[in-house]
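Asker: 3D model of this:
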Amino acid sequence: MGNIQEVRYYERTGHSVGHGFLEYFDAHGGLEVFGYPLTEEQQETIGGWTGTVQWFERARLEYHPELDIRLPKVQGGRVGAELLVLRTQN
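Answerer: As a prediction, this is how the structure comes out:
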């Protein structure tokens, strides 16, 4: 993901943020917006899409290499919409 080789470790949660996620994290508010990382980068399947994600206290970031070159490859997940669907199903 990207050319950035920096990885930032957060002792508080024992997880790191690196590569394209770190670039996005820093550019869009960092700890104040996303909170601390709760996982490392990992593969997940979400609604038929499989890709690299990383969970934070207040967000899920997703890496989308398939997107048009003009769009950012890292995007915030639609966690609120997903939770609302789950709530209405119960």
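
Asker: could you use CA atoms for every contact and neighbour count after this?
Answerer: Will do.

Asker: beta partners of residue 56?
Answerer: residue 37, residue 59 (DSSP bridges).

Asker: just the CA trace of the helix ranked longest in the chain, in PDB.
Answerer: Criterion DSSP state H: the longest helix present in the chain is helix 79-89. Taking C-alpha atoms only, helix 79-89 is exported to PDB below (Å, rounded to 0.1, in the frame of the first residue of the first chain):
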ATOM      1  CA  VAL A  79     -19.600   1.300   9.900                       C
ATOM      2  CA  GLY A  80     -22.700   3.400  10.800                       C
ATOM      3  CA  ALA A  81     -24.700   2.100   7.900                       C
ATOM      4  CA  GLU A  82     -23.700  -1.400   8.600                       C
ATOM      5  CA  LEU A  83     -24.700  -1.100  12.300                       C
ATOM      6  CA  LEU A  84     -28.100   0.400  11.400                       C
ATOM      7  CA  VAL A  85     -28.900  -2.500   9.100                       C
ATOM      8  CA  LEU A  86     -28.000  -4.900  11.900                       C
ATOM      9  CA  ARG A  87     -30.200  -3.000  14.400                       C
ATOM     10  CA  THR A  88     -33.200  -3.000  12.100                       C
ATOM     11  CA  GLN A  89     -32.800  -6.800  11.500                       C
END
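
Asker: shift numbering so it begins at 28
Answerer: Understood, numbering begins at 28; the last thing we discussed is helix 106-116.

Asker: state the helix or strand in which residue 79 lies.
Answerer: strand 76-83 (DSSP states H and E).

Asker: coming back round to it: quick one: mean pLDDT over the longest helix of the chain.
Answerer: On average, the pLDDT along helix 106-116 is 81.
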